[in-house]
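Asker: Sharing a sequence plus its predicted fold:
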Amino acid sequence: MRRQKLQDGFTLIELMITVVIIAILASIAWPSYTEYLKRSRRSDAQQVLLAIANKQQQYMLDARTYTDVLGSAGLNIAQQGWDCSVNSGKTCANGYYDVTATPGAGPPPTFAISGVPKTASAQNGDGTLNYASTGSKSRMVGGVDKGW
């Protein structure tokens, strides 16, 4: 009887099975990864909103009012990756969100801060982040509060 030699390498079937397994794993992992990136960018915007709220409180002690200027002529917000000189310093922006502050009309002084996702970014549809001087926080998606 003749012995068969073992072949070195992979057959086409083995290679195709490996490719299919990798494709299945990637189809499961990709949505989780993109959702993780959205949450990470949202967290970054929330940090900026809280930094602005903190600076607003400090500004109130000095000027007895709140301001809508976030740049160097007002609150002087300096967060890594954010440009706070947009719209004459009234908007802080990065590639995913535009953040603005709006002082309230009158007694007692109030403010509201909102972070709106840019429509051309991957955050589109993630909802508008809101923070008020009362401490209330919300993330509005289609008129429904999804929570911070």
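Answerer: Ah, there it is.
Asker: List the buried residues of stretch 132-148.
Answerer: 132, 133, 137, 138, 139 (16 or more other Cβ atoms under 10 Å). Where you see a C-beta, it was placed from the backbone N, CA and C, and this is true even at glycine.
Asker: ignore the last one, stretch 26-45
Answerer: 38, 41, 42, 44, 45.
Asker: now do stretch 88-107
Answerer: Buried-residue list, stretch 88-107, by 16+ other Cβ under 10 Å: 89-94, 96-101, 103.
Asker: Also stretch 63-73?
Answerer: Quick answer for stretch 63-73 (16+ other Cβ under 10 Å): 66, 67, 68, 69, 70, 71.
Asker: List the residues that contact the third one.
Answerer: What that stands for is residue 68. Counting by Cβ atoms under 8 Å, 6 or more residues apart in numbering, residue 68 makes contact with 74, 90, 100, 101, 102, 103.
Asker: Nearest spatial neighbour of residue 60, chain-adjacent residues omitted?
Answerer: Spatially, and ignoring its direct neighbours in sequence, residue 60 is nearest to residue 66 (5.9 Å; Cβ to Cβ, 6 or more residues apart in numbering).
Asker: And residue 101, by the same measure?
Answerer: residue 113 (4.8 Å).
Asker: Correct me if wrong: that neighbour contacts residue 131.
Answerer: Yes. Using Cβ atoms under 8 Å as the test, residue 113 is close enough to residue 131 to be in contact (4.5 Å).
Asker: Report the buried residues of stretch 111-118.
Answerer: Residues of stretch 111-118 classed as buried: 111, 112, 113, 114, 115, 116, 117 (neighbour count, 16+ other Cβ under 10 Å).
Asker: so which of the residues you listed would you say is closest to residue 52?
Answerer: Using Cβ to Cβ, residue 113 comes nearest to residue 52 of the buried residues of stretch 111-118, at 5.3 Å.
Asker: So which of the buried residues of stretch 88-107 are in strands?
Answerer: 91, 92, 93, 97, 98, 99, 100, 101, 103 (DSSP state E).
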